[in-house]
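> Generate a structure from the sequence data that follows.
(one chain, ligands or ions: 2)
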Amino acid sequence: MDLQSHRFLSYFEPPQAAELCQLAIMEHFSPQAVIFEESEIPDCLYLVLEGEVEFSKRIGPQQYQTIALASPDEFFGEFGVLDGQPRSARAIACGPVTLAKIPRDQLMDILDRSPGRVVLKLFGHIIQYLRYTTERYVSQIVHKQKMALVGEMVNTIVHDFKSPFTGIQLSSSMLKEMHPDEETVEWCDLIQAQVMRMSAMAEEVLEFTRGSTVLEKKPLRLSDIIQRFKKLNNIYFTNANVDFVLEVEDAVIAADENKLMRVWQNIVGNAVDAFENRRGRVSIAAVTKDQWVEIKIADNGPGIPEAIRDRLFEPFVTFGKRSGTGLGTAIAKSIIDAHGGQIWFESSAESGTTFYIILPLFQESIPISE
Ligand SMILES: Nc1ncnc2c1ncn2[C@@H]1O[C@H](COP(=O)(O)OP(=O)(O)OP(=O)(O)O)[C@@H](O)[C@H]1O
Ligand SMILES: [Mg+2]
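Ligands and ions are numbered 1, 2, ... in the order given. Sure, this is the predicted structure:
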């Protein structure tokens, strides 16, 4: 954009706007160039004409947290210009950036000669910016505290469940030994597998609240994992009146089986919840495309409520469930992301919901990374 049409100049009367244009020094920055450092003494205000500028605060040695972005037609650095205090954040060019710099002393002089309404407009901008950053800060704090709380809760649950879990495992092993017939052994194995899944689930929520997803990847056949998922959940589907259909092409992926089980469990579990005991159908289909496998998990339920569609994958977004924590889809996404894949969905009240997941196929030539 050109300097004359920048929003900042529209705050001023035409003579002062023209004066500011004369004073402005155009400067180009290459990607990643530092525009100013945190704690630097401010000497000018910047108008963004091209590109994006990122602001970040130092939170540790060599560690920065992004706090805001500025795009063309926006301006920054006004706080330092007005109060003369050191810069509170570092500014970096995201890509190629063009800025118009207005020197502090001259700007203060023009402001001094401008009518009150000019200063009011500048004030309006500053207040809006403060509101925005305060809201962001508060929601980050609330989010952190919620995560810490869930983490604490799950920690207690994991601890308290250890002995009953061991009890169930031991009892089913004994039962197997006492009645080694095929059917009893199969049921006992199912009990043990489910108990192990329960503790794995709790561990995973714990991991998620700590913000880390550690994978134990192995080359796996996708159809085997999904068949196992079906077997572990057959009773659950029958009781919930749900037809569960599979159409999975053979594909080998480098994956953490337990974690992927959590993904199916969360996505399919949500579909089953949404039927609310009415008869329903859930299908999992997978096809390979180039270096990827695309997995479609579809249901013919009522669709995801519109109110949460934009934020579905955020933690604690839940709707219409008495016991929902809103972590299921957030965990699913964190697992798919950690596998180098992607997840998205389409949903409508008429045709139900379909989740799409793509995962990279296993390639012998590429070593499996953790
Ligand atoms: N297939 C679906 N059909 C209809 N609504 C869905 C579907 N999947 C998700 N939802 C809606 O999205 C919300 C968020 O799902 P998510 O799995 O993230 O959390 P939750 O199920 O509420 O809680 P949690 O999974 O932690 O027990 C659900 O509460 C539900 O309202
Ligand atoms: Mg859920």
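> What residues are bridge-paired with residue 58?
Using DSSP bridges, the bridge partners assigned to residue 58 are residue 64.
> since we're on it, how many residues are nearby?
14 (other CB atoms under 10 Å). All C-beta atoms are positioned from the backbone trio N, CA, C, and that covers glycine.
> How about the contacts made by it?
Neighbouring residues of residue 58 by CB atoms under 8 Å, 6 or more residues apart in numbering: 38, 64, 90.
> do the same with residue 51
29, 72, 93-98.
> Try it again at 10 Å.
Contacts for residue 51 (CB atoms under 10 Å, 6 or more residues apart in numbering) come out as 28-29, 31, 70-72, 93-99.
> Find the nearest non-adjacent residue to it, please.
Spatial nearest neighbour of residue 51, chain neighbours left out: residue 97 (3.5 Å); criterion: CB to CB, 6 or more residues apart in numbering.
> And the residue of the protein closest to ligand 2?
residue 328 (2.7 Å; CB to the ion).
> related to what we said a few turns ago, could you dump the contacts of residue 51 to JSON lines with pLDDT and distance to ligand 1?
As requested, the contacts of residue 51 are arranged in JSON lines below (pLDDT from 0 to 100; distance: CB to the nearest ligand atom, whole Å):
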{"residue": "28", "pLDDT": "95", "distance to ligand 1": "45"}
{"residue": "29", "pLDDT": "94", "distance to ligand 1": "41"}
{"residue": "31", "pLDDT": "91", "distance to ligand 1": "36"}
{"residue": "70", "pLDDT": "91", "distance to ligand 1": "33"}
{"residue": "71", "pLDDT": "92", "distance to ligand 1": "31"}
{"residue": "72", "pLDDT": "95", "distance to ligand 1": "36"}
{"residue": "93", "pLDDT": "94", "distance to ligand 1": "37"}
{"residue": "94", "pLDDT": "91", "distance to ligand 1": "31"}
{"residue": "95", "pLDDT": "89", "distance to ligand 1": "34"}
{"residue": "96", "pLDDT": "94", "distance to ligand 1": "39"}
{"residue": "97", "pLDDT": "95", "distance to ligand 1": "38"}
{"residue": "98", "pLDDT": "95", "distance to ligand 1": "42"}
{"residue": "99", "pLDDT": "95", "distance to ligand 1": "41"}
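> picking up where we left off before, same list (the contacts of residue 58) but as TSV, adding distance to residue 6, neighbour count and pLDDT.
Formatted as TSV, these follow (distance: CB to CB, whole Å; neighbours: other CB atoms under 10 Å; pLDDT from 0 to 100):
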residue	distance to residue 6	neighbour count	pLDDT
38	26	15	89
64	28	16	78
90	23	19	92
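> Kindly indicate which of the residues you listed lies nearest ligand 1.
residue 64 (30.1 Å; CB to the nearest ligand atom).
> how near is that closest one to residue 42?
19 Å (CB to CB, to the nearest Å).
> Could you do residue 322 as well?
53 Å.
> Between these two, which is the more surrounded one?
Legend: neighbour count by other CB under 10 Å for residue 322 and residue 42, higher for residue 42 (19 against 5).
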